[in-house]
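# Everything below, folded, please.
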Amino acid sequence: MTYLWLKTLHIVSATVLFGTGLGTAFYQWRAWRDGDPRVVAAVAREVVRADWWFTTPAIIIQPLTGLWMVALVGYPWSSRWIVFSVALYLLAGACWIPVVFLQMRMRDLAAAAARNGQPLPQAYRRLFRIWFALGWPAFAALLAVFYLMVFKP
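Model prediction:
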């Protein structure tokens, strides 16, 4: 694979990773603000699907293409921007992994509430707060990785 094809794949997967994350976070938050368990359940179901269908492949493609490009170009592995990019990517991943499990549990709680005609339980609200808190460092880390990918300071 040529460098430019690899770079294209890397950029597209970065866009999918960040865009899907931002989009699903927005819709999950908006559904929660609506408060209707039926809406929350429907949105949560699709958020979990989007994470498996789009985010997960992008998470795998990103480091593979990034490290492959570093090897092709011959950047020193100890370059600060590479070390920081990897560390920030790992930070984002450390936030994302629990988020996936939180989203699945939130989906199930919302579906049960919708099925039973009940409001969202307190457990959902508690999980949502944790989910929301984990999103901020993950998004900040990915923004910083975008900066490092582009400027390579």
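# quick one: the residue nearest to Phe128 when sequence neighbours are not counted from Val73, how far?
Nearest non-adjacent residue to Phe128, counting by C-beta to C-beta, 6 or more residues apart in numbering: Trp32, 5.6 Å away. Glycine gets a C-beta too; all of them are placed from N, C-alpha and C. Taking C-beta to C-beta, to the nearest Å as the measure, Trp32 falls 43 Å from Val73.
# likewise Val16?
23 Å.
# With neighbour numbers in mind, choose between these two.
A side-by-side neighbour count of Val16 and Val73, using other C-beta atoms under 10 Å, places Val16 first with 17 against 9.
# Point me to the helix or strand that includes the more buried one.
helix 3-34 (DSSP states H and E).
# Output the contacting helices and strands for that helix.
helix 37-50, helix 56-73, helix 122-151 (3 or more C-beta pairs under 8 Å, 6 or more residues apart in numbering; DSSP states H and E).
# Go through the chain and flag its longest helix.
In the chain, with assignment by DSSP state H, the single longest helix is helix 80-115.
# so where's this structure shaky on pLDDT?
When the per-residue scores of the chain are filtered using pLDDT under 70, no range remains.
# Now for the residue most central in space within the chain: which residues touch it?
By C-alpha atoms, centre = their mean, the chain has its centre lying nearest to Gly21, at 4.2 Å. When contacts are counted by C-beta atoms under 8 Å, 6 or more residues apart in numbering, Gly21 touches 55, 96, 135, 138-139, 142.
# Return the member of these nearest to Ser85.
Comparing the contacts of Gly21 against Ser85 with C-beta to C-beta places Leu142 closest, at 10.3 Å.
# From Gln28, how far off is Ala41?
Ala41 sits 12 Å away from Gln28, going by C-beta to C-beta.
# Common neighbours of these two, please.
With the criterion set as C-beta under 8 Å, 6+ apart, the contacts of Ala41 and Gln28 do not overlap.
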